[in-house]
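[1] output the structure for:
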Amino acid sequence: MNNNDAATLRYPSKTYLWTSANDSARVKGGFIPARGPNGGLLHIKSLTVHATLNMTIAGAVGLGEDNYRFCRTLDLKTVGGTRRLEVISGDTARLISYAHLGAPCTFEHANLAIAATTDRSFVLTIPMEKPFAYDPGDTGLPSDFFEELVIGFASAADFTLGSCVATIHSGSYYVVADCYETMSIILTAQDVWREVNAGSVSQVDHEIDTGGRLQDLFLFVPGAQGGQTLANVTAAAIQHSMPDPMLKTVFRHAYARDRGEACNLFSTKGDPQTTNPFVANDAGTLRALAFKLTTGSKVTDGPERLKETLKLTLGGNLPAAARIVARFTVPKSEAQRAIIMRNHDVNMSYVKTRDKSRRDLASWPEDMRKYLPEKFIKIDAKGQRVR
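    Numbering: from 1, shown residues only. Now for the predicted structure:
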């Protein structure tokens, strides 16, 4: 369900005031209209968080790569479905953007210069659709099912890295939903982003709860300059989907090729052209590794497992703060299917398959029935079924 060519409709939420580091904004989905301008249903392609913080910076500049920490946490809940973001950090949101939007569409902030009190602007985007997937729109989020996005407010400590000392005096946050309009009723696929601690510094086998099909798997260590180095990681394997270990340079080169980020800046041979954490030159510092990266893959790809294991080969200990980030698809929500039946009075016996034929859902192969989006029936501008 590729909707890259559909016109983008943007809807801003109300503004939420920063109150303290321990507070949060609970952005409810009601800011998106029930219908688009032509009477169709709205599906969310991405959610962008904007913020302005009134800050004082002293000691040393705050590096731009670290400024995604303006969101301490992000937690996206859906109606009758899964938590699409399971309390991920701002640092992880930066990795997601580089992985699924690519460097040309990922915002990097300017350094926070040493200065007296002044306003600083920040932005990050969470893609619901995955532009590099086989069908980017498969994991879009129908606006009807957007329950709330909980944004954990930043603290001064989040920006206080190295010699930089930050103070936050006040601020504000708001969200913009990029949507497209469709005249069809669609039950989309479900995917989940999960961030977990990597465990002890010497641990090499890391078991991750998935409950579905692993799509993306990253490793990083929070810290200054967009993360600490991964010098002690030599190789890695994924037990059930990539059992043979591969050197970390293979993963770096694969990411660079798949996202058009190969190091080819002519003025300084071999240097990367961006601050992309997944890319470094041969003598440079790698700050994130993508062991599995969605490129042309389907929501049904990979083995279905409750757990998956990342197996690392280490040349020394990992830093204690190391984090593993996983995205996996899970079976579609039966609760959301029931909501569609109730709200739109549709006959769920027949749905469109990927080849646009119409057949009984029970006749679908199990993988398709559990994971693939279902397009049911067209509606008119009044939201009524087209018979």
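[2] C-alpha from now on. contacts and neighbour counts both.
    Fine.
[3] please enumerate the strands of the stretch 51-200 of the chain.
    Counting by DSSP state E, counting those that start in this stretch, one finds strands in the stretch 51-200 of the chain at the ranges 71-78, 83-89, 115-127, 141-142, 146-153, 165-182, 184-187, 190-197.
[4] tell me which of those strands approaches Ala6 most closely.
    Closest approach to Ala6 among these is made by strand 165-182 (6.0 Å; C-alpha to C-alpha).
[5] packing partners for the closest one?
    Packing contacts for strand 165-182, counted by 3 or more C-alpha pairs under 8 Å, 6 or more residues apart in numbering; DSSP states H and E, involve strand 9-12, strand 16-17, strand 41-58, helix 156-159.
[6] in TSV, list these along with distance to Val325, mean neighbour count and mean pLDDT.
    Listed next are the helices and strands packed on strand 165-182 as TSV, based on distance: least, C-alpha to C-alpha, whole Å; neighbours: other C-alpha atoms under 10 Å; pLDDT from 0 to 100:
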stretch	distance to Val325	mean neighbour count	mean pLDDT
strand 9-12	28	16	96
strand 16-17	28	18	96
strand 41-58	19	21	95
helix 156-159	19	19	90
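[7] could the ones you listed go into CSV alongside distance to Ala322?
    What follows is the helices and strands packed on strand 165-182, written out as CSV (distance: least, C-alpha to C-alpha, whole Å):
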stretch, distance to Ala322
strand 9-12, 35
strand 16-17, 32
strand 41-58, 25
helix 156-159, 17
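[8] and Arg84, which of the ones you listed is closest to it?
    Closest among the helices and strands packed on strand 165-182, using C-alpha to C-alpha: strand 41-58, at 12.0 Å.
[9] pull up the pairing partners for the closest one, direction included.
    strand 115-127 (antiparallel), strand 141-142 (antiparallel), strand 165-182 (antiparallel) (DSSP bridges).
[10] gap between it and the chain center?
    The chain centre lies 14 Å from the centre of strand 41-58; the measure is C-alpha atoms, centre = their mean, to the nearest Å.
[11] show me where the stretch 201-350 of the chain has its helices.
    248-258, 334-344 (DSSP state H, counting those that start in this stretch).
[12] mean confidence for the last one?
    Averaged over helix 334-344, pLDDT sits at 81.
[13] so how far is it from its chain's centroid?
    Relative to where its chain is centred, helix 334-344 has its mean C-alpha point 26 Å off (C-alpha atoms, centre = their mean).
[14] again with stretch 82-91
    8 Å.
[15] unless I'm mixing things up, Val299 is touching Ala189, no?
    Yes - contact criterion C-alpha atoms under 8 Å: Val299 and Ala189 qualify, at 7.4 Å.
[16] mind checking how far Lys370 is from Arg213?
    Lys370 sits 11 Å away from Arg213, going by C-alpha to C-alpha, to the nearest Å.
[17] same question, Ala254
    21 Å.
[18] ok, back up a step: any idea which of the strands paired with strand 41-58 is most buried?
    Highest mean neighbour count among these (mean count of other C-alpha atoms under 10 Å): strand 141-142, with a mean of 24.
[19] now it: average pLDDT?
    Here the average pLDDT along strand 141-142 is 92.
[20] so, low pLDDT: which residues of the stretch 251-387 of the chain?
    Residues of the stretch 251-387 of the chain meeting the criterion pLDDT under 70: 263-274, 281-284, 345-362, 377-387.
[21] take the strands paired with strand 41-58 and write them to a markdown table, including distance to Asp258.
    As requested, the strands paired with strand 41-58 are exported to a markdown table (distance: least, C-alpha to C-alpha, whole Å):
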| stretch | distance to Asp258 |
| --- | --- |
| strand 115-127 | 18 |
| strand 141-142 | 25 |
| strand 165-182 | 25 |
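[22] list just the one of the ones you listed that sits closest to Pro33.
    strand 165-182 (10.5 Å).
[23] touching, Pro136 and Pro127? I think so.
    No - assessed by C-alpha under 8 Å, Pro136 is found out of contact with Pro127, at 10.1 Å.
[24] let me know the pLDDT of the closest residue to Val325 other than its chain neighbours.
    Spatially, and ignoring its direct neighbours in sequence, Val325 is nearest to Glu195 (4.5 Å; C-alpha to C-alpha, 6 or more residues apart in numbering). Looking at Glu195, its pLDDT reads 95.
[25] any idea where the strands of the stretch 201-350 of the chain begin and end?
    205-220, 233-238, 242-247, 288-292, 304-314, 323-330, 350-352.
[26] still on that earlier bit, more crowded one of Val299 and Ala189?
    A side-by-side neighbour count of Val299 and Ala189, using other C-alpha atoms under 10 Å, places Val299 first with 28 against 22.
[27] pop out the phi and psi values for that one.
    Per-residue torsions, Val299: phi -70, psi -20 (degrees, to the nearest 10).
[28] now do the contacts for it.
    Residues near Val299 by C-alpha atoms under 8 Å, 6 or more residues apart in numbering: Asp138, Ala189, Arg213, Gln215, Thr329, Tyr371, Leu372.
[29] go on, Phe107?
    Val123, Leu124.
[30] 6 Å instead?
    Contacts for Phe107 (C-alpha atoms under 6 Å, 6 or more residues apart in numbering) come out as none.
[31] per-residue pLDDT, it?
    Reported pLDDT for Phe107: 91.
[32] now do the one 10 residues further on
    Reported pLDDT at Thr117 in the predicted model: 87.
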